[in-house]
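Dropping the sequence and predicted coords here.
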Protein chains: 2
Amino acid sequence: MSNTDLATNRIMARQNGIVQPLLTDLYQITMAYAYWKSGKVNDVAVFDLFFRTNPFQGEFTIFAGLEECLKFLQNFHYSDSDIEYLMQILPDNIEPEFFAYLKDLTCKDIKLSAIEEGSVVFPRVPLLRIEGPLIVAQLLETTLLTLVNFASLMATNAARYRMVAGKNVSLLEFGLRRAQGPDGGLSASKYAYVGGFDGTSNVLAGKMFNIPVKGTHAHSFVTSFSTLDDITSVMLRHADSLEQYNMLELSLEWRKRISSIIDVSPEEASDGELAALMSYAIAFPTGFLALVDTYDMKRYNIQGLRHGQRMNGHSGYNSNCGTNVTRISNSTVIRSTYGYSTVERTLRSGLLNFCAVALALNDCGYRAVGIRIDSGDLAYLSVLARSTFEQIAEVFKLPWFSKLTIVASNDINEETILSLNEQGHKIDCFGIGTHLVTCQRQPALGCVYKLVEVNGQPRIKLSQDVGKVTIPGHKEAYRLFGADGHALIDLLQRSSEPAPIIGQKVLCRHPFQESKRAYVIPSKVEHLYKVYWSDGGICISPKPLSEVRERVQSSLRTLRQDIKRNLNPTPYKVAVSDDLYNFIHDLWLQNAPIGELS
Amino acid sequence: MSNTDLATNRIMARQNGIVQPLLTDLYQITMAYAYWKSGKVNDVAVFDLFFRTNPFQGEFTIFAGLEECLKFLQNFHYSDSDIEYLMQILPDNIEPEFFAYLKDLTCKDIKLSAIEEGSVVFPRVPLLRIEGPLIVAQLLETTLLTLVNFASLMATNAARYRMVAGKNVSLLEFGLRRAQGPDGGLSASKYAYVGGFDGTSNVLAGKMFNIPVKGTHAHSFVTSFSTLDDITSVMLRHADSLEQYNMLELSLEWRKRISSIIDVSPEEASDGELAALMSYAIAFPTGFLALVDTYDMKRYNIQGLRHGQRMNGHSGYNSNCGTNVTRISNSTVIRSTYGYSTVERTLRSGLLNFCAVALALNDCGYRAVGIRIDSGDLAYLSVLARSTFEQIAEVFKLPWFSKLTIVASNDINEETILSLNEQGHKIDCFGIGTHLVTCQRQPALGCVYKLVEVNGQPRIKLSQDVGKVTIPGHKEAYRLFGADGHALIDLLQRSSEPAPIIGQKVLCRHPFQESKRAYVIPSKVEHLYKVYWSDGGICISPKPLSEVRERVQSSLRTLRQDIKRNLNPTPYKVAVSDDLYNFIHDLWLQNAPIGELS
């Protein structure tokens, strides 16, 4: 193990340090005592962990967090100081033998079955099934929910962004500063990657989870330079010849040459910006990706400014020059009759400086990477930038210049991307922060942990709200696939029933609506549960994050497109077997005596 | 230091382990290198950390997270493994001297000034002012934002809940399972307490931050008992005489006696529920607080159930018997003409069992604590429960019974509490989870960190959006109070200006609107900034959490009621001095040349 691995392990151990038995609701511990005191130490229970509704008004969810659940079981142990603390906060009359019992408690008698991490999952189908001593299984509730809820919500959110962005666009997570504190940020980076993002700006997440880390510079870097005098070092060695070149001279020369292509006179472009971009290029000649919208007030009328508060709220895609897009062909930009908008001027100034430095870099044997746009009409500006790159590529016979990367950021959410798609943007990469990590459209997934069996006897939690009725007993879940490879239905059965068989028809019933039934002839049957933890140890080692990430995409591919679409998706069906249907409804009738109206 | 303290310190060190220099965006490090490479090592900068809009459509924010920022500065150090990781992810051609520079970097030359933690704060007034080497100050950005953004958002959210609930109601945070992972949950518990909550269910948060921890039992505890046969131990010693009493016999006897008061026949009440409640009471005779709505299908028509999906979405306060409330006097419940609703029957069954066990406990010398209601029309059911308690208190001459605690939970948010207040609820305590910890109405606070001065030269970030223009230069902030003790206005001045003087008029100007000006004669002037970190050490020790919590309430008391109200609050004024106004606008004109229309 390398030093880096050891150090990383130390950080992870520190982080895992907070995922410990005390990271729970107090009532789990008071219930444990009441169970213990009532002589229920040897009671055996089955709990199901599941959710009732898909998040984000969608029809699927990505299951994540399993690896962390297994680590939690592995490390489950009350320390002396934990016991001391519990003695302090619980009433004085708790029998001391209970604390001795807690002290020795481990997860050795627990069995955890789960769906594979990274799979698409659906309401009511348990993600985890926990079997074992009632007291221990109860004590795991809150922590397992904490570990699964946010991980699955984030992975699902990220997967949705990936779907709307398409597979040819890079997605970067930039949300650390807006997450729920330090570890909220780390979890967000981790599960955004699992859900299909390509990288993060969060360096520690990169180090801990081996996720690609990305980032260049901010507006503050550009504003820290005022004039060309702020440059102290201008020389760069050629990549091959190692000869020294004066980047300032080259950049200024290029700025003059290309100003007519970009349609901004060199005097109009900010020198401070040129100084900043050139300095950045000298520092990162192989990684020159520049923010080009800093000086967005250049040439703007001050009076207009004072009264011209920008109208767009959440996303930058609907500002005033959006309508221009339709008038732009792939390779030329037609100047609109009412002149350039401010945002367009901004970009032209930034583009001029960027292209000047990029061409100077080219003289030194380096290829620039691209630009980032963080404001304005992202569709329109990306088309403008692409067209400029293409013109330069053509004029100077540098074909790679037309392929420069265009990164867009600024309060992007799913709807922004959908709208940009409609407008025909030329963006290669989105940097997404707040709306990704806070899961804007729905900030929590409502997983619950329900008792379904005690000592072999089924338990049903009835409710006025049919959606809240639990499906009792020890169950298995199967996913039935059609001949075209698409998943047709998830089927819950009693564990005593034989598994569905390929090519044989299975009666699938709606769990609560008597008349809703269908025969399904599966071409493939997937048993959804594997035992991941048993006899005090992990049975199946968790896969590396990169494989879980691949699992997300392969699992999503098994879903029909109409289930995945953003607007009004078709619900995926979850059914119960005929046997389980009757079992539920018999129990229901036993537990719910006939009402009376008075 | 006790063992517990030592152990707690160890946990906190583990958690702080993730708040380290790598918990940042990569671009901070690439910018640091570009600054270093451009010879800007000795540049000195001033950054302001502030937000632009109050969260939750409110007009105030609570500033929190300062203590964690100071700890971060104290521990700021790149480890060998950090440097190794950075070498691995940055391009090969980075000069090795840069890594040597990073290795030795500390916050010894940084000066951090801040507003007192727990204070009410307003848009544009910097919460933190960071002065020192440009590179170091830049490297702190992301982590400081992460530490302040969520802490302040949570504290503000909690303070808003406290305001709507009023000071006589207890508020408990129950959100761990829905938070952004383990540390998201810990931060939420910590800052909910700071904002005015009385306790949390999160045991680890209790241990780490010395917050009161609360909790009793869940529905699963009740459903784990089916019949009276599930009880194994029925004896309880009298609190004083130590004589053994049979709690089961006592409870059954009381259930018979009081069934007419509660208007449910003993046969209608669930025996499993009685078994569960009695077992819990034996385990916690001094802390008997029981969930009374588990068997909410008892006596409900199965057909009605199948079609009777509950309509209410987020909150439980608008279900079908809400209109009954107006027909209920303080002490008697009038049976409605169409009979009891399901939820009411539920509660009557739960109430009957609870009261039976509570009266049995009373025979043993113990006083029950109360009940928790987790579903249904919380206003109506709390009135029903209170009235029942009052009747029992009167009939059996037990005055304390009328004061039993009524806890309500179930998807509660600010609006639910306001609505319950209007309906005249009888709830003593709210348990609040999801909406509190995810900050439902606005899941992120948009603090930013802006460069305002480099080497004594002001920096202004202009923008089309006036709200995004930064106020340049090194500034001081003062809060001016009126004669009645209320805060009138926050005033930003250039640091070179003399402080406002009590009794002398000060010209306060809107930062961007020329015509908006007012003279203010302060009766009290509070200088908002203190230096918390300087010369490599903490200058003012952070206050204990309980004092920060008190500061929140005392600071809120200085705000006029109309600024704090929930609906259409009045904005609090933030102004600049005449000197600062002119300074901003001169710079603005210098940086924004005259536009042209074509």
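That came through, no problem. Treat the numbers as computed from the prediction; the structure is a model and nothing was measured.

Get me the contact residues on the stretch 351-500 of chain A for chain B.
By the rule C-beta under 8 Å from any C-beta of the partner chain, the part of the stretch 351-500 of chain A lying against chain B is A:375, A:434, A:437-440, A:443-447, A:449-451, A:454, A:457, A:459, A:461-468. C-betas here are computed from N, CA, C, even on glycine.

if you set the cut-off to 6 Å instead, what comes out?
Contact residues (C-beta under 6 Å from any C-beta of the partner chain) of the stretch 351-500 of chain A with chain B: A:434, A:438, A:443-444, A:451, A:454, A:459, A:461-462, A:464-466.

Which two among those are spaced furthest apart?
Taking every pair in those and measuring C-beta to C-beta, the maximum separation is 44.3 Å, between A:T434 and A:V454.

From the centroid of chain A, which residue is nearest?
A:A192 (2.6 Å; C-alpha atoms, centre = their mean).

looking at it, that one is touching A:A159, isn't it?
No - using C-beta atoms under 6 Å, A:A192 is not in contact with A:A159; the gap is 9.6 Å.

Have a look at chain A and report the helix or strand with the lowest mean pLDDT.
Every helix and strand in chain A was compared by mean pLDDT, DSSP states H and E; the lowest is helix A:302-307, with a mean of 30.

what's around A:L289, how many residues?
Using other C-beta atoms under 10 Å in any protein chain shown, A:L289 has 25 other residues around it.

For it, give me the backbone phi and psi.
phi -130, psi 120 (degrees, to the nearest 10).

so it makes contact with A:H217?
No - the criterion here is C-beta under 6 Å, and A:L289 misses it with A:H217 at 8.5 Å.

before we move on, back to that, closest to A:S79 out of the residues of the stretch 351-500 of chain A next to chain B?
Nearest member of those to A:S79, counting by C-beta to C-beta, is A:L451, at 28.0 Å.

list the helices and strands the host helix or strand of that closest one packs on?
According to DSSP states H and E, A:L451 maps onto strand A:448-454. Secondary-structure packing of strand A:448-454 (3 or more C-beta pairs under 6 Å, 6 or more residues apart in numbering or on different chains; DSSP states H and E): strand A:44-50.

Quick check: buried residues in the strand it packs on?
Of the residues in strand A:44-50, A:45-50 count as buried by neighbour count, 16 or more other C-beta atoms under 10 Å in any protein chain shown.

any chance of those in a markdown table, plus pLDDT and distance to A:L556?
Formatted as a markdown table, these follow (pLDDT from 0 to 100; distance: C-beta to C-beta, whole Å):
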| residue | pLDDT | distance to A:L556 |
| --- | --- | --- |
| A:A45 | 97 | 34 |
| A:V46 | 97 | 30 |
| A:F47 | 97 | 28 |
| A:D48 | 98 | 24 |
| A:L49 | 98 | 22 |
| A:F50 | 98 | 20 |
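
With distance to chain B as new columns, can those residues be given to me in JSON lines?
Listed next are the buried residues of strand A:44-50 as JSON lines, based on distance: C-beta to the nearest C-beta, whole Å:
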{"residue": "A:A45", "distance to chain B": "7"}
{"residue": "A:V46", "distance to chain B": "11"}
{"residue": "A:F47", "distance to chain B": "8"}
{"residue": "A:D48", "distance to chain B": "11"}
{"residue": "A:L49", "distance to chain B": "11"}
{"residue": "A:F50", "distance to chain B": "14"}
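
all helices of the stretch 401-550 of chain A, in order?
Taking DSSP state H, counting those that start in this stretch, the helices of the stretch 401-550 of chain A run over residues A:414-423, A:434-437, A:545-557.

where in chain A is pLDDT low?
Scanning chain A for pLDDT under 70 picks out A:1-17, A:295-346, A:464, A:592-598.

need the longest helix for it.
helix A:134-165 (DSSP state H).

helices and strands around that helix, which ones?
helix A:26-37, strand A:44-50, strand A:61-62, helix A:66-75, helix A:181-195, helix A:414-423, helix B:181-195.

In terms of secondary structure, what does the shortest one contact?
Counting by 3+ C-beta pairs under 6 Å, 6+ apart, the packing neighbours recorded for strand A:61-62 are helix A:134-165.

Strands of the stretch 251-400 of chain A, residue ranges please.
Along the stretch 251-400 of chain A, counting by DSSP state E, counting those that start in this stretch, strands occupy A:289-291, A:370-373.

With distance to B:K403 as extra columns, can I get those in TSV?
Below are these laid out as TSV (distance: least, C-beta to C-beta, whole Å):
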stretch	distance to B:K403
strand A:289-291	63
strand A:370-373	62
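
Please name whichever of the ones you listed is nearest to A:V136.
Among these, strand A:370-373 comes nearest to A:V136, with 50.8 Å by C-beta to C-beta.

What strands flank that closest one, and is each parallel or antiparallel?
strand A:289-291 (parallel), strand A:405-408 (parallel) (DSSP bridges).

Same list (those) but as TSV, adding distance to B:M31.
TSV is the format used below for the strands paired with strand A:370-373 (distance: least, C-beta to C-beta, whole Å):
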stretch	distance to B:M31
strand A:289-291	11
strand A:405-408	16
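
Of these, which is nearest A:L23?
Shortest distance between A:L23 and the strands paired with strand A:370-373, using C-beta to C-beta, is found for strand A:405-408: 37.6 Å.

buried stuff in stretch A:200-214?
By neighbour count on 16+ other C-beta under 10 Å, the buried set for stretch A:200-214 is A:200-209, A:211, A:213-214.

Residues touching that stretch, excluding its own?
Stretch A:200-214 has contacts (C-beta atoms under 6 Å, 6 or more residues apart in numbering or on different chains) with A:11-12, A:172-174, A:176, A:186, A:189-190, A:193, A:199, A:215, A:545, B:22-26, B:85, B:89.

Could you do stretch A:478-487 as well?
A:488-491, A:500, A:520, A:522-528, A:558, A:560.

from the chain's centre, how far out does it sit?
How far stretch A:478-487 lies from its chain's middle: 26 Å, per C-alpha atoms, centre = their mean, to the nearest Å.

Can I get that stretch in CSV, CA atoms only?
Coordinates of each C-alpha in stretch A:478-487 appear next as CSV, following Å, rounded to 0.1, in the frame of the first residue of the first chain:
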residue,chain,number,x,y,z
TYR,A,478,-37.6,-10.4,-9.0
ARG,A,479,-37.3,-8.3,-12.1
LEU,A,480,-38.9,-9.7,-15.2
PHE,A,481,-37.5,-8.8,-18.6
GLY,A,482,-39.2,-8.9,-22.0
ALA,A,483,-37.7,-10.4,-25.2
ASP,A,484,-36.3,-7.0,-26.2
GLY,A,485,-34.2,-6.9,-23.0
HIS,A,486,-36.3,-4.2,-21.3
ALA,A,487,-37.4,-4.6,-17.7
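
May I see the buried residues of it?
For stretch A:478-487, by 16+ other C-beta under 10 Å, it's A:478-482, A:487.
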